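[1] Give me coordinates for this.
(4 chains)
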2 protein chains.
Amino acid sequence: MDLYQINYFIAIAEYGGFSIAAEHLNVSQPSLSNGIKKLEKELGVVLFERGGRRALLTPAGQSFVEQAKKIREQYRSALNKIRDFQARPILKLGVVCSLRISSITNLVSRFRLQYPHIALELRDSHIDEINYWLEEGEIDLALTVLRGNENPKIALNLFQQSLRLAVPETHPFAQRDTISLAELDGQPYIKRINCEFVTVHSPLRARSLKLPTQHGKRVSKTDMG
Amino acid sequence: MDLYQINYFIAIAEYGGFSIAAEHLNVSQPSLSNGIKKLEKELGVVLFERGGRRALLTPAGQSFVEQAKKIREQYRSALNKIRDFQARPILKLGVVCSLRISSITNLVSRFRLQYPHIALELRDSHIDEINYWLEEGEIDLALTVLRGNENPKIALNLFQQSLRLAVPETHPFAQRDTISLAELDGQPYIKRINCEFVTVHSPLRARSLKLPTQHGKRVSKTDMG
DNA sequence: GTGGTTTACGGAATACGTAAATATG
DNA sequence: CATATTTACGTATTCCGTAAACCAC
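    I've put the predicted structure just below:
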């Protein structure tokens, strides 16, 4: 039994399907299928009901999810404890995937020049998981979007980043120069898939394509440049 | 990180060396060496001080032993929980390695004839680990040696097995027909290595070679045929 | 020299991705 | 027919054992 199988299994259980879990894990669906198959063989039980549109946990699977999460937690805890002994200090940095890449590379290169003896480890995800990692001590710092209600002792404004809205020419917003995020609340939008921008062709003459989404939740007010 | 690495690491830490751990794990020394090397690389710390006769834990290694045992326990607990859901019932049987193989195979074949739908899983080790497995619920039954003080409700005498003592012709015991185990207390003896009998050549004309040892502890009174 | 660990190397198992096939609604 | 999962297959990695080298006492 390997940890990757544990992680695969938990992801499929939480996302409710092989395909969507594969996207978030950045692996192919067949890899997940084979991994779970091997896990089921080792455990001697069937973990998912694959019939129909989505993968549903069997009773055995439901039981094993709890166990799997405990194993994962134990492993994470062990990794955190061992960090104090590592010769070369590692700064673990969580990055919200909606940040512009150039901003990150700029910061990283300046950091590496100033602190060459410190190793950098970057992990990116959506804002909720970043906050979770921060609480659990899995990352030391987070590059994220400030919402204005942060404690100034633990949050620092590093830079501002302008967001642009893409609408068709016929859209009511097309004539406006600035839009507050509050006005967008409830509007349908194109969802970004796995931190990649969906490329939009002809019918829309896009000004630019940059929309924070947070996985289908409605956008709320945040800082705009 | 795989579980085999965890098990390798704990075994080396407990036995105090790569070679002796390899014997008990039934793998080669280089396999252990590579496994630990990979683990150290992944963790970013050195786990053992390899200088000299034996492998000694570094401070990081001492810390990680505790974590590794927790991970192993969590994994075992998960396996125990999943057993209730397994379609084909599995009877896990622990066998003391000093038992005669023919006695075990005889019992096993009769069991399989009578209960063909039950899968059998056998694990063998010394008596202390067997008892530990029994307490932890890792095995359902134990084939072991009765010491006479067992609760008759949970222990059953299945058969008796005669033990023989091998001594040189000049030894005081050589003229005796029977020896009680109490008389052997404190006597030097040839230690069995990894459940295999040490083959003894010329100078000793052995009557037979069968001595219960329990890993270097002094033998105590038990049932003799 | 002896006991113990590491390196080198060949073979077997496996994890991954791409592409095709199968099943479900 | 569309979506979702499973097979099939080629490739790269890795795990294991044997044999040889290295290292400390």
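[2] Which residues are in contact with the nearest residue to A:Ser19 once chain neighbours are set aside?
    Distances taken as CB to CB, 6 or more residues apart in numbering or on different chains place A:Gln29 nearest to A:Ser19, at 5.5 Å, with adjacent residues excluded. The way it works is simple: take the backbone N, C-alpha and C, and place the C-beta from them, glycine included. A:Gln29 makes contact with A:18-19, A:22, according to CB atoms under 8 Å, 6 or more residues apart in numbering or on different chains.
[3] Write out the residues of chain A neighbouring DNA strand D.
    Residues of chain A that fall close to DNA strand D, judged by CB under 7 Å from any atom of the strand: A:17-19, A:29-30, A:32-34, A:36-37, A:48, A:50, A:53-55.
[4] Specify which member of those is nearest to chain B.
    A:Phe48 (13.0 Å; CB to the nearest CB).
[5] give the contact list for that closest one.
    Residues in contact with A:Phe48 (CB under 8 Å, 6+ apart) are A:12, A:36, A:55-58, A:61.
[6] that older thread, quick one: which of the residues of chain A next to DNA strand D is nearest DNA strand C?
    Nearest to DNA strand C among those, counting by CB to the nearest atom of the strand, is A:Pro30 at 3.7 Å.
[7] Helix or strand: which one has the closest one?
    Per DSSP states H and E: A:Pro30 is located in helix A:29-43.
[8] and stretch A:160-168, how far apart are its ends?
    Stretch A:160-168 has an end-to-end distance of 26 Å (criterion: CA to CA, to the nearest Å).
[9] How far off centre is it?
    The chain centre lies 21 Å from the centre of stretch A:160-168; the measure is CA atoms, centre = their mean, to the nearest Å.
[10] Only the buried residues of it, if you could.
    In terms of neighbour count (16 or more other CB atoms under 10 Å in any protein chain shown), stretch A:160-168 has its buried residues at A:163, A:165-167.
[11] How many residues are close by the nearest residue to A:Ala60 once chain neighbours are set aside?
    Here the nearest residue to A:Ala60 in space, its sequence neighbours aside, is B:Phe85; by CB to CB, 6+ apart that works out to 3.5 Å. By other CB atoms under 10 Å in any protein chain shown, 18 other residues sit near B:Phe85.
[12] residues contacting B:Phe85?
    B:Phe85 makes contact with A:45, A:58-60, A:63, according to CB under 8 Å, 6+ apart.
[13] These in helices, which ones?
    Counting by DSSP state H, the part of the contacts of B:Phe85 found in helices is A:59-60, A:63.
[14] ChimeraX command for the buried members of the residues you listed?
    The buried residues among these can be selected in ChimeraX (16+ other CB under 10 Å) with this line:
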select /A:60,63
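[15] same for DNA strand C: which of the ones in helices among the contacts of B:Phe85 are within range?
    Counting by CB under 7 Å from any atom of the strand, nothing from the ones in helices among the contacts of B:Phe85 sits close to DNA strand C.
[16] Quick check: A:Ala13 touching A:Gly61?
    Yes. Using CB atoms under 8 Å, A:Ala13 is in contact with A:Gly61, at 6.8 Å.
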